[in-house]
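**Student:** generate coordinates for the sequence data below:
(2 chains)
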Amino acid sequence: MTQVLEQPVRPAPPLPYGAGRAARRRALLEWVAVHSLGVAAALFFTLPFVFVFLTSLMSDSQALSRDLVPHTWEWGNYRKVLDTPGFLTWWRNTLLYAGLGTALTVVSSVPVAYALAKFRFRGRDLSLMLVISMMMLPPQVVVIPMYLFWAKQLDLSGTLWPLIVPMAFGDAFSVFLLRQFLMTIPNEYVDAAKVDGCGDLRTLLRVVLPMAKPGIAAVALFQFFYAWNDYFGPQIYASENPGAWTLSYGLESFKGAHHTDWNLTMAATVLVMAPVILVFFFAQKAFVEGVTLTGVKG
Amino acid sequence: MATPTLAAKRRRAALRTLAFMSPWLIGFAVFFAYPLISTVYFSFMHYDGFRSPTWSGGQNWAYVFEHYPLFWPALRNTLWLVVVLVSLRVVFGLGVGLLITKIKTGTGVFRTLFYLPYLAPPVAATMAFAFLLNPGTGPVNSVLEKAGMTAPGWFNDPAWSKPALTLLALWGVGDLMVVFMAALLDVPAEQYEAAQLDGASAWQRFRYVTLPNISPIVMFAVVTGVIQTMQYYAQPLIAGKVASGVIQGAGTQFEPGYPDRSTLTLPQLVYNLGFQRFDYGSACVVALVLFALSMVFTATLMRRRGGLIQAGD
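**Tutor:** Here you go, the predicted model:
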């Protein structure tokens, strides 16, 4: 489970004894069929990226045609997008929201997950159920009172703080995922640390955390991606102040301002997608591990 | 060293638990319990954010269910998405998961390519599909027409907008692929060998060995899919906005659901009522409907999962 990406595919069952050329031909046919399907699927998954990228390099007039491949490669489109007033601000805001939010989430969720995984106390199972309920709650359910709270009482609309501050109070999904991960660490390590005279905090910091690195990496990645992709949050709290927009929110207004220039819109789209995909290539293993941890296994 | 009394020990353990749990306890109170109660309260009040709230009895509820023109279309769309989009996504995810376990050459490359679209930020992915599927210059329709087929209107046609959203959701099936792949690799190899010795065909092996082994995961995928559908927001909203051609800026009014209310979902109604019509009371009614639906499915998930969420030691 921990090494889904590296895990070798299960070898085919050995051919029955005495299987001859016919069986080998069947195996070859199966190989061809499976890999043709694989190529077809790969085209379905990659062609959208390819067409988006090709269009992002077309000239303005060609982007209005039905051509699939650019005649001239207009790398300047990317320059134009980056020079759009606001684009770099959105980038900075997104980094702030995603970066600070992720750090706060990890720091606040780890102790909660640890308590849920390793302490025995009354109300633990109830707490876990409430964590799962919070995790499944659409953000729109509580948005009206939350908006009134942040905007009317604290006067913080037009900023991203209403989105960042709650992350300092344990994000439900992160707590759940970390708890699932910590459950896999044998209690003996924790007990041994106690016998050696470690307090709870020291046990957590010195013994458990080093073993929980993959889980923490997965949580950090998920939270980073969540904030990077979030559209609803910035729409509610930041829309009135373009200085606080994020990439996901700004991209939509970019489309509005360049509504016929598909080439520029696609260049902006590529620039919003690229960082996420780059992060994925650097942290592929932690990410896929996290996906499998979220629900499949206790 | 004096041994602490039992009571003192217990008190210390309780304090320790409280300290570790405190971030979430505060978060639970301030960002979950309080706003939830407050949502119930506002659902019985007239409130526009300017004049102070006044008691309205069941008027907001009656308005949403009987007169608000967007409520029933949104609920019907949600049902459509649950039946068609969620089930197709599970079947496709299982199919791609099966395929990847069968691929022997270049497995890592295939896996990465299949997984990548899942990572595309929803707004960017929707923008990309709005371009790919646009009836005027979109590459998909160009190819379809060259092949002599009638090209659908996709996001511009009420009959095709939800299928187009389904296509977008199938493109991002990577999460389910990984989950199914892990489950498929966990099916004991001996069971396949035994089935093969008994002369079971490929279909029989899938039906009688694979499916029973992975059925909890299928159930998990269906229920989480339904819960995600309750939260379906950015994709249908952006698709509708881009296809409608409304030029957007901050605060531009856009009646969600283009074309012809076919892309409305419940979360969009909360935004429409609360932040475009400033009818916070009615917005809270829709929010509570959303809450009830989400909790029903979450309860199903927790009961069904039993073994999947370990209750602890």
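**Student:** how's the chain carved up into domains?
**Tutor:** As the question left the chain open, I've gone with chain A. A:21-79, A:82-293 (automatic domain parsing).
**Student:** hmm, no, I was thinking of chain B.
**Tutor:** B:8-61, B:70-305.
**Student:** tell me the most buried of the domains of chain A?
**Tutor:** domain A:82-293 (a mean of 19; mean count of other CB atoms under 10 Å in any protein chain shown). Any C-beta I mention is one placed from the backbone N, CA and C, and that applies to glycine too.
**Student:** pLDDT on that domain, on average?
**Tutor:** For domain A:82-293, mean pLDDT rounds to 90.
**Student:** with respect to B:Thr54, which of the domains of chain A lies nearest?
**Tutor:** Comparison of the domains of chain A against B:Thr54 by CB to CB identifies domain A:82-293 as nearest, at 15.6 Å.
**Student:** how about the helices of the stretch 151-298 of chain A, start to end?
**Tutor:** A:161-164, A:172-183, A:187-195, A:200-202, A:209-211, A:213-229, A:232-237, A:247-257, A:262-282, A:284-293 (DSSP state H, counting those that start in this stretch).
**Student:** got those helices as a markdown table, with distance to chain B columns?
**Tutor:** Formatted as a markdown table, these follow (distance: least, CB to the nearest CB, whole Å):
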| stretch | distance to chain B |
| --- | --- |
| helix A:161-164 | 10 |
| helix A:172-183 | 6 |
| helix A:187-195 | 7 |
| helix A:200-202 | 6 |
| helix A:209-211 | 13 |
| helix A:213-229 | 4 |
| helix A:232-237 | 6 |
| helix A:247-257 | 3 |
| helix A:262-282 | 4 |
| helix A:284-293 | 5 |
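**Student:** now tabulate these in TSV and tack on distance to A:Leu95.
**Tutor:** Listed next are the helices of the stretch 151-298 of chain A as TSV, based on distance: least, CB to CB, whole Å:
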stretch	distance to A:Leu95
helix A:161-164	12
helix A:172-183	19
helix A:187-195	36
helix A:200-202	31
helix A:209-211	25
helix A:213-229	9
helix A:232-237	13
helix A:247-257	9
helix A:262-282	9
helix A:284-293	19
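**Student:** and the ones you listed: which comes nearest B:Val96?
**Tutor:** helix A:284-293 (13.8 Å).
**Student:** nearest residue to the middle of chain B?
**Tutor:** Nearest residue to the geometric centre of chain B (CA atoms, centre = their mean): B:Gln228, 1.5 Å.
**Student:** assumed that one was part of a helix.
**Tutor:** Yes - under DSSP: H, G, I helix; E, B strand; the rest coil, B:Gln228 sits within a helix.
**Student:** tell me the secondary structure for B:Gly257?
**Tutor:** coil.
**Student:** what's the pLDDT at it?
**Tutor:** 91.
**Student:** what sits closest to it if chain neighbours are left out?
**Tutor:** B:Leu264 (3.8 Å; CB to CB, 6 or more residues apart in numbering or on different chains).
**Student:** may I have the phi/psi pair for that neighbour?
**Tutor:** Dihedral pair for B:Leu264: phi -70, psi 140, per degrees, to the nearest 10.
**Student:** which residues touch it?
**Tutor:** The contact partners of B:Leu264, taken as CB atoms under 8 Å, 6 or more residues apart in numbering or on different chains, are B:70, B:73-74, B:77, B:236, B:256-257.
**Student:** closest one of the residues you listed to A:Tyr147?
**Tutor:** So of the contacts of B:Leu264, ranked by how close each gets to A:Tyr147 (CB to CB), first place is B:Pro256, at 17.8 Å.
**Student:** what number of residues lie near the closest one?
**Tutor:** Per other CB atoms under 10 Å in any protein chain shown, the neighbour tally for B:Pro256 reads 22.
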